[in-house]
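Student: For reference, the sequence and a predicted model appear below.
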2 protein chains.
Amino acid sequence: MKCRVCRGPAVIDLPRHNANFCGEHLVKLCRDQVAKAIADHAMLVPGERVLVAVSGGKDSLAVWDLLLHLGYQADGLYLGLGIGGYSDESAVVARAFAGARGLRLREISLRDEYGFDVPTAAVATRRVPCSSCGLSKRHLFDAAALEGGYEVVATGHNLDDEAAVLFGNTLRWDLDYLARQLPALPARDGFPRKVKPLVRLTERETAAYCLVRGIDYLVEECPMAAGNQHLGYKAALNAIEERSPGTKAAYYLGFLDRMAPLLDGRSVAARDGLGSCACCGAPTTADVCAFCRLAERAGAHEPVPVELVRRGRARR
Amino acid sequence: MKCRVCRGPAVIDLPRHNANFCGEHLVKLCRDQVAKAIADHAMLVPGERVLVAVSGGKDSLAVWDLLLHLGYQADGLYLGLGIGGYSDESAVVARAFAGARGLRLREISLRDEYGFDVPTAAVATRRVPCSSCGLSKRHLFDAAALEGGYEVVATGHNLDDEAAVLFGNTLRWDLDYLARQLPALPARDGFPRKVKPLVRLTERETAAYCLVRGIDYLVEECPMAAGNQHLGYKAALNAIEERSPGTKAAYYLGFLDRMAPLLDGRSVAARDGLGSCACCGAPTTADVCAFCRLAERAGAHEPVPVELVRRGRARR
């Protein structure tokens, strides 16, 4: 197995590119794909200050590393979600990455600063843990960016993530969600710009990037996500990708090319009538924003250990 | 397991309806769903003459039976595709259904009347057999309808079929194909109206309908289709449906409700500039229509037995 570029020994085969790559040219491929995504979707201004959402997994550490290499002033923000040993270990990994490279990593603990954690929120709201988790992350990353003077938040969402979310939104033909499923969302209504520089890379590619670059990441997946619908959508697309390599990229990039323009304008209309949260000041359509309502509800609940929240759904 | 309607012994559970049904009420459900599809999409005029595309499988015999019950003058057309024993058996089953009920069934043999068959066409064109097969069926059903004075052709496409085709078109974001993926296509440009009365029924439901109604159908699936992409899409959607019953119906019906209106007008534009085939007179954008070109190419080829065309792709 030889590298397509230099004919040296390859470390990975990428069926969707119908080629193999050595470590050096895999890293170059990843950098080129990220640079292309940033340019195609006007994600960042050269040298811009970026707040990176860091979980300690392969994608968030890869995007941080890639943005630094491309010359952005990228700082990290780690959220302690209180998901038992998984959160403990992910914090260690994120701190080690930042420490070894002299990077700024801000940390926020849901339990210490807001009086609840994700397992407790799942039980208190009687919804899947991913629901409270996503809500908390969006809210706290937005708030921290504005507070820290960052105009943009970068997340590690990769092609597999985006294709799976697209599949879910398409199964429901949720046109408002589809309209907002873009690799770059401009700042507005008090929310910072959001960008996803890894949308042209698969999770297999970001994992290989970390291995080649010597980045230690937390391999374990979130135990709360096990069995969730998103993973079911990923599995369905993976089965099709295996038969027809390149289908997933064509699906997501084709959506951006041909479908997203049909929905242009719809995402703006969906955000009419925003006020400020009476509790925290964040933009919201209600008197009190969804995060503050969650914090109030979950904070009043007895803490729940992670073991009692299973398979993507809270026990009733 | 009791029938939701009459509390008698049920013969089938339908998770997407969260209910079980006895034979009598399953038949009623199917008739109601077909009547609703016909009404919702203005498929047919009461008592209209309809040409039913009959393969001998559960769906084509079910749609024929259902249309007769609903008072339409439905005649059948069977195409002999020359797919070995599968075609021989399907012809026997189709003739038996028509014969036992005193129905009109016209038969056309590709080999006898056009000098080729589907396996030979697959090898001659070096494409998957489903490609030549679909082209031949569309052409011959259209031509037979116009010749026989039928304004409309009904096919047995069910919800599983339509959802799988929708999935394929969505994976490619082929907006022109999506625009035409409707349960009823009006007559125009010399093509008859096409309707799919079974779009609200799954293949499991049409199979159960046939069992309850005592309709003998060919259980065997087409050997040429084994391993094709369409079946891969069906499998992916079935895995999701099993986790979340009703997803498939919501996907297809949500497409019709919310997405199809966005594409309105596109299907008309795609058919501009039609002339008549120099060979057969059918509407076409070329001098000679695709079917006549296929017949010329495949007719010049040595006949190929079905065993030499395998797993959805012609041997090279």
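Tutor: The structure has been received and is ready for your questions.
Student: How about the residues of the stretch 201-316 of chain A by chain B?
Tutor: Counting by C-beta under 8 Å from any C-beta of the partner chain, the stretch 201-316 of chain A comes close to chain B at A:229, A:232-233, A:235-237, A:239-240, A:243-244, A:247, A:250-251, A:254-255, A:257-259, A:262-263. Heads up, the C-betas are built off the backbone N, CA and C, glycines and all.
Student: Mind giving me the ChimeraX select for these, buried ones only?
Tutor: Buried residues among these (16 or more other C-beta atoms under 10 Å in any protein chain shown), as a ChimeraX selection:
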select /A:229,232,233,236,237,240,247,250,251,254,255,259,262,263
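Student: So which of the residues of the stretch 201-316 of chain A next to chain B sit within helices?
Tutor: A:229, A:232-233, A:235-237, A:239-240, A:243, A:247, A:250-251, A:254 (DSSP state H).
Student: Tell me if I'm right that A:Leu237 and A:Gly168 touch.
Tutor: No. Counting by C-beta atoms under 8 Å, no contact exists between A:Leu237 and A:Gly168, whose distance comes to 10.6 Å.
Student: Surely A:Cys6 forms part of a helix?
Tutor: No. Assigned with DSSP: H, G, I helix; E, B strand; the rest coil, A:Cys6 falls outside any helix and is coil.
Student: From A:Ala207, how far out is it?
Tutor: 22 Å (C-beta to C-beta, to the nearest Å).
Student: A:Pro183 too?
Tutor: To A:Ala207, A:Pro183 is 20 Å away according to C-beta to C-beta.
Student: These two: which is more packed in?
Tutor: Neighbour tally, A:Pro183 and A:Ala207, criterion other C-beta atoms under 10 Å in any protein chain shown: the higher count belongs to A:Pro183, 23 against 20.
Student: quick one, phi/psi of that one?
Tutor: Dihedral pair for A:Pro183: phi -70, psi -20, per degrees, to the nearest 10.
Student: tell me the contacts of it?
Tutor: Listed by C-beta atoms under 8 Å, 6 or more residues apart in numbering or on different chains, the contact partners of A:Pro183 are A:37, A:41, A:43, A:162, A:195-196, A:199, A:256.
Student: and if we set it to 6 Å?
Tutor: By C-beta atoms under 6 Å, 6 or more residues apart in numbering or on different chains, A:Pro183 lies in contact with A:41, A:196, A:199.
Student: pLDDT wise, what is the nearest residue to the last one once chain neighbours are set aside at?
Tutor: Translated: A:Val199. In this structure, A:Val199 finds its nearest non-sequential neighbour in A:Pro183, 4.6 Å apart by C-beta to C-beta, 6 or more residues apart in numbering or on different chains. Note on A:Pro183: pLDDT of 98.
Student: Over to the one 3 residues further on?
Tutor: Per-residue confidence (pLDDT) for A:Pro186: 94.
Student: A:Arg315 now?
Tutor: So A:Arg315 comes in at 39 (pLDDT).
Student: Next: A:Leu201.
Tutor: Looking at A:Leu201, the pLDDT reads 98.
Student: Chain A: strands as residue ranges?
Tutor: A:12-14, A:19-21, A:49-54, A:73-80, A:105-109, A:152-154, A:184-185, A:193-195, A:275-276, A:283-284, A:309-310, A:313-314 (DSSP state E).
Student: Give me the below-cutoff pLDDT ranges for the stretch 51-200 of chain A.
Tutor: Judged by pLDDT under 70, the stretch 51-200 of chain A has no weakly predicted residues.
Student: Excluding sequence neighbours, find me the nearest residue to whatever residue of it ends up closest to chain B.
Tutor: At 3.9 Å from chain B, A:Trp173 is the closest residue in the stretch 51-200 of chain A, using C-beta to the nearest C-beta. Taking C-beta to C-beta, 6+ apart, and ignoring the residues beside it in sequence, A:Trp173 has B:Gly254 as its nearest neighbour in space, at 3.9 Å.
Student: Next: A:Gly273.
Tutor: Using C-beta to C-beta, 6+ apart, the closest residue to A:Gly273 is A:Thr285 (5.9 Å).
Student: number of nearby residues for that neighbour?
Tutor: 11.
Student: For A:Ser60, which residues are in contact?
Tutor: A:54, A:156.
Student: what about 7 Å?
Tutor: A:Ser60 is in contact with A:52-54, A:156, counting by C-beta atoms under 7 Å, 6 or more residues apart in numbering or on different chains.
Student: Turn these into CSV, columns for distance to chain B and neighbour count.
Tutor: CSV is the format used below for the contacts of A:Ser60 (distance: C-beta to the nearest C-beta, whole Å; neighbours: other C-beta atoms under 10 Å in any protein chain shown):
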residue, distance to chain B, neighbour count
A:Val52, 30, 28
A:Ala53, 28, 24
A:Val54, 31, 31
A:Gly156, 24, 24
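Student: about what we covered before: any idea how far B:Ala260 is from the residue of the stretch 51-200 of chain A closest to chain B?
Tutor: The gap separating A:Trp173 from B:Ala260 is 9 Å, by C-beta to C-beta.
Student: Contact partners for A:Ala143?
Tutor: The neighbours of A:Ala143, taking C-beta under 7 Å, 6+ apart as the test, are A:Ala282.
Student: ok, 8 Å please
Tutor: For A:Ala143, the contact set (C-beta under 8 Å, 6+ apart) comprises A:280, A:282.
Student: do A:Pro15 as well
Tutor: So A:Pro15 contacts A:245-246 (C-beta under 8 Å, 6+ apart).
Student: Please give the number of neighbouring residues around A:Glu302.
Tutor: 7.
Student: where exactly do the helices run in chain A?
Tutor: Counting by DSSP H, chain A has helices at residues A:23-40, A:58-69, A:84-101, A:110-114, A:118-125, A:129-148, A:159-171, A:175-180, A:203-213, A:229-243, A:247-254, A:266-269, A:290-299.
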